[in-house]
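> what's the 3D shape of this:
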Amino acid sequence: MSSWDDDESAAAAEAATTDVELLKRAWRNEKAAPEILRFDSPLVSRVREQIQLLEETLDDFADSGVDDLVVSLYQMDLDRTLFLLRSYLRLRLQKQIEKYMMHISRSEGLLSRLSQQEQRFAKSCTEIMEKHLEQSVLSKLPYGYDSVTRQSLSSTEDDMDCYACSFPEPQLDTFVFCKTKSDVGAFQLDDIGEEVVDLVADDLYVLRYKSIKGLVEGGRIDLI
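Next up is the predicted model:
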């Protein structure tokens, strides 16, 4: 089968996948990735619309006396979708934004991966953290070191490297379990071409996240 046929098959499978399954995939990727991934706003909006529709349907069932078994099935579907959405949003806040908020706040590229609500939350957390540091520690240091802002403005490039190291950053060299969604072919894992692996559709691999980051972002590989 040609790579063109593989791409067409993958596209057809993607189109047939429900939004709940796509959200479950986004949740798995977010949970396994060492860094925060891009927020899928269209997907979350569609899932919220489905939740609203299910809630309205259940209200109609209550008024029309639909069989209890049917109602319970719809309720189970609603509960499952609500749980998945809340877990996805909570995971991004607790395990990503709160853990790496100082690192994220210094990068426009990382901030752009957040939703508007997440950006406001990250900004608020950063301001609270900086205020706490200044009141509890930095205010007791000499001028120039008594403010997070003044330190960042007055520091040299080497100083800034040390300053950045004082806050946790995601370890992109972490090994992750992943599964290819289609044939990728020979893929270079390092910068000099010494490590090459043949990525075959539906195979499982354990690879450094940094090497396959682009494939994850492009939707060609799922983390598990």
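> how about residue 177, phi and psi?
Per-residue torsions, residue 177: phi -90, psi 140 (degrees, to the nearest 10).
> is the residue nearest to residue 36 when sequence neighbours are not counted in a helix, a strand, or coil?
The shortest distance from residue 36 to any non-neighbouring residue, by CB to CB, 6 or more residues apart in numbering, is to residue 96 (3.9 Å). In this view, the C-beta of every residue, glycine as well, is placed from N, C-alpha and C. Put simply, residue 96 is helix when judged by DSSP: H, G, I helix; E, B strand; the rest coil.
> so what's the residue count around the residue lying closest to residue 26 once chain neighbours are set aside?
Distances taken as CB to CB, 6+ apart place residue 40 nearest to residue 26, at 5.6 Å, with adjacent residues excluded. By other CB atoms under 10 Å, 18 other residues sit near residue 40.
> before we move on, back to that, contacting residues for the residue nearest to residue 36?
Contacts for residue 96 were tallied using CB atoms under 8 Å, 6 or more residues apart in numbering; they are 30, 35-36.
> just the pLDDT at the residue nearest to residue 26, thanks.
What the model reports for residue 40 is a pLDDT of 94.
> in this structure it contacts residue 29, no?
No. Residue 40 lies out of contact with residue 29 (CB atoms under 8 Å); the separation is 9.9 Å.
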